[in-house]
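# Here's my sequence, what's the structure:
(one chain, ligands or ions: 2)
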Amino acid sequence: MPFVVAVDGPAGSGKSSVSKEVARRLDFAFLDTGAAYRALAWHVEASGVDTADAASVVSCLDSFDCRIGTDPSGYAVHVGDVDVTDAIRDPQISAVVSAVARVPEVRRHLIELFRSIMAATDAPGIIVEGRDITTVVAPDAPVRILLTASEAVRMGRRSAELAGSSAEAVGEQLRKRDAADSKVVDFMTAADGVTTVDSTELDFDQTVDAVIGVIRAAQPALAP
Ligand SMILES: Nc1ncnc2c1ncn2[C@@H]1O[C@H](COP(=O)(O)OP(=O)(O)O)[C@@H](O)[C@H]1O
Ligand SMILES: Nc1ccn([C@@H]2O[C@H](COP(=O)(O)OP(=O)(O)O)[C@@H](O)[C@H]2O)c(=O)n1
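Ligands and ions are numbered 1, 2, ... in the order given. Okay, here's the model as predicted:
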């Protein structure tokens, strides 16, 4: 098993972008677990199935052929032959992904997929980010981080990305998704042994440096 850095946090806290940059700097692999839940939501919709019906969602798992890249510089997500890297970021997918992710059988299936991806990587380390990585997927990881930022800052960052959507609509959707996701796993408070990095007052580079600082403290030999 490579050296695992587990990163959790709410939507828009910077998990994907910061983890990706940290992985690049350390020559680590990078796994965006939220992308797998999004890809499954895409697959369920593409199959013409109701994402709100748990049994129907579970029936899509057998045909869910998902490949998630772990190279932080050449990242892509495929379902079968379809490149869904951009499609899974669509607000329509964001609106239904929590319903798919709350199904226990879905979580068991994807957690197994994440652990096999982690075990198969040939990089010296892997940064795995999501909601339940520090607590469920990799609770024994040598570095576990909760990346947070104030709600206002997170909404501002996410709405800056989604041109064409109003800040209010983006904020409302983010709040709803965090509320739904919080019922399934607690990613707002750090579990025992998890280090909180609050990026509210930090710019992107400062946040990357803060995360590398936590990794360096745990394993001085790994960090540059
Ligand atoms: N510390 C920061 N300062 C400013 N912008 C940031 C910071 N961290 C992340 N961002 C930006 O905020 C947006 C949301 O980050 P993202 O990585 O998608 O969050 P998450 O994966 O937690 O939902 C991205 O556009 C990212 O570049
Ligand atoms: N480890 C994880 C990661 C994501 N998810 C689900 O997947 C959705 C999308 O995750 P994401 O990380 O892409 O979301 P953003 O915060 O990047 O918008 C979340 O809203 C959760 O419903 C989860 O349940 N467990």
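# C-alpha only now, for contacts and for neighbours.
Will do.
# what does this protein put close to ligand 2?
Taking Cα under 6 Å from any ligand atom as the contact definition, the chain meets ligand 2 at 10-12, 33-35, 37-38, 97-98, 101, 130-133, 177, 181.
# Now, the residues you listed that are in strands?
Cross-referencing the residues of the chain next to ligand 2 against strands under DSSP state E gives Gly130.
# Need the buried ones from the residues of the chain next to ligand 2 selected in PyMOL.
The PyMOL selection below is limited to those of those classed as buried (16 or more other Cα atoms under 10 Å):
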select buried, resi 10+11+12+33+34+35+37+38+97+98+101+130+131+132+133+177+181
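# Just the ones of the residues of the chain next to ligand 2 in helices?
Among the residues of the chain next to ligand 2, the residues falling in helices (DSSP state H) are 33-35, 37-38, 97-98, 101, 177, 181.
# Out of those residues, the closest to ligand 1 would be?
Of all those, ligand 1 sits closest to Gly34, with 8.1 Å by Cα to the nearest ligand atom.
# ok, and the closest non-adjacent residue to the closest one?
The spatial neighbour of Gly34 that comes closest, neighbours along the chain excluded (Cα to Cα, 6 or more residues apart in numbering), is Gly130 at 5.7 Å.
# swap in Ala218?
Spatial nearest neighbour of Ala218, chain neighbours left out: Val143 (6.6 Å); criterion: Cα to Cα, 6+ apart.
# give the contact list for the one you found.
Going by Cα atoms under 8 Å, 6 or more residues apart in numbering, Val143 touches 4-6, 194, 214-215, 218.
# so how far is Pro220 from it?
Val143 sits 12 Å away from Pro220, going by Cα to Cα, to the nearest Å.
# what are the phi and psi values for the residue nearest to Ala218?
phi -130, psi 120 (degrees, to the nearest 10).
# Show me what it is bridged to.
Val143 forms beta bridges with Val5, as assigned by DSSP bridges.
# If anything else comes up later, I'll come back, but that's it for now.
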